[in-house]
Each structure stands twice: as C-alpha cells, then as structure tokens.
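Q: Provided below are the primary sequence and the corresponding predicted coordinates.
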Amino acid sequence: MGKRRTTIDALGQLETQLSVFARRIENVARQSVLYRNMDRAGYLLARTIEATGPASVNQLADALHLDGSTVTRQVSALEAKGYVDRTVDPADGRASIIVLTEAGRTEMETVRAARRVKIGAMVAGWEPADVSRFGELLEQFNGSMVNVDVAADVATGIGR
C-alpha cells in the first residue's frame, strides 16, 4: 500500500502544480508583448518547419499532432505576415509545401531569444543538472500527452 499511496500523493502534487503552471503561463502570455508579431501557435509552427524543413500541411499537422484545418489556419496567418510561403509540391501538384521565409526565421529567432532570456530568469537559481533534468522530464511528459485518449474524459464523465 505504501507505493500506491506515494503514487497517489505524487499524482495529486502533479495535478495541482500543472494547474498552477497553466494559470501562470496564461497570465504571462496575457501580459507579454513577446507574441505580438508571431503568436505561440505560429512560433511552434515556425520551429517545426525549421526542424523538418519545407513540409506539407498534412506533414506539419502530423508532426504537431493537430488537425489539418487547424494547421491550415495557422499557416494562413503566418503567410499573411510574410513569415511563410507556399510552393507547389513537385510530387503532387495539388498540394502545397510550406517554407519558412527569411522574415519568418528572423521573427522566430527574436521570439526564441526572448523566451530563452525569460526562461533563464525563471531558473536562474537552479543547478544546471536540474534545468537539464526538468527539460528531459517535460519532454517525456509532452510525449505522454500525445498518447492520452481524449475520449477517456467522456467515458469517465468529466465535463458533463
């Protein structure tokens, strides 16, 4: 029973801290001018294009675990600001390939640098090993979230 109790206590702490974390992220986002030109969704999309190279909307949607229509809207917003271009897919003339423009890369780098400064200030008193471990655990947690079945909320009665 000891291990089960410890797990329950740890899950309770995690649930509470995730709620606090989400609220603080929302507050920081509302008060920040960081995403004035490129919002968080656009930033993550730009980072994904940077990492994968030019890609179709479907490839980006798969990489981000999003619906294609959501990515299409995000691409359109970035395209309107000149941050991405669409080119014809040579393998399928009906599809577009999304390419990060120099302006998009510059804005993404501006946001990335500002984010690193802000995050650096948040962990300024931490040991480097703790910062690294936190990043590893957060990456693992984010990966786990992809595998969570949202339909399970319905099965458990959440949100009724």
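A: Structure's in. What do you need?

Q: Give me the residue ranges of the protein where confidence is low.
A: 1-5, 149-160 (pLDDT under 70).

Q: Would you state the strands of this structure in chain order?
A: Using DSSP state E, the strands found in the chain span residues 84-89, 92-100.

Q: Could you give me the buried positions within the first one?
A: Right, strand 84-89. Neighbour counts over strand 84-89 (16 or more other C-beta atoms under 10 Å) mark Val84, Arg86 as buried. C-beta here means a position set from N, CA and C on the backbone, and glycine is covered the same way.

Q: How about the last one?
A: Of the residues in strand 92-100, Ser96, Ile97, Ile98, Leu100 count as buried by neighbour count, 16+ other C-beta under 10 Å.

Q: got the contact list for the second one?
A: Residues counted as contacts of Ile97 (C-beta atoms under 8 Å, 6 or more residues apart in numbering) are Pro54, Ala55, Ser56, Arg86, Thr87, Val88, Asp89.

Q: out of everything not next to it in sequence, what's closest to the last one?
A: Put plainly, it is Asp89. Nearest non-adjacent residue to Asp89, counting by C-beta to C-beta, 6 or more residues apart in numbering: Ala95, 4.1 Å away.

Q: The one you found contacts Pro54, doesn't it?
A: No. Taking contacts as C-beta atoms under 8 Å, Ala95 lies outside contact range of Pro54: 11.7 Å.

Q: middle-most residue in the protein, spatially?
A: The residue lying closest to the centre of the chain (C-alpha atoms, centre = their mean) is Leu44, at 5.3 Å.

Q: Mind jotting down where the helices sit in the protein?
A: Here the chain has its helices, by DSSP state H, at 2-31, 40-52, 57-64, 68-80, 102-122, 128-146, 151-156.

Q: Distance of the residue lying closest to the residue nearest to the centre of the chain once chain neighbours are set aside relative to Glu102?
A: Once flanking residues are discounted, Leu44 sits nearest to Leu64: 6.9 Å by C-beta to C-beta, 6+ apart. Using C-beta to C-beta, to the nearest Å, one obtains 23 Å as the distance from Leu64 to Glu102.
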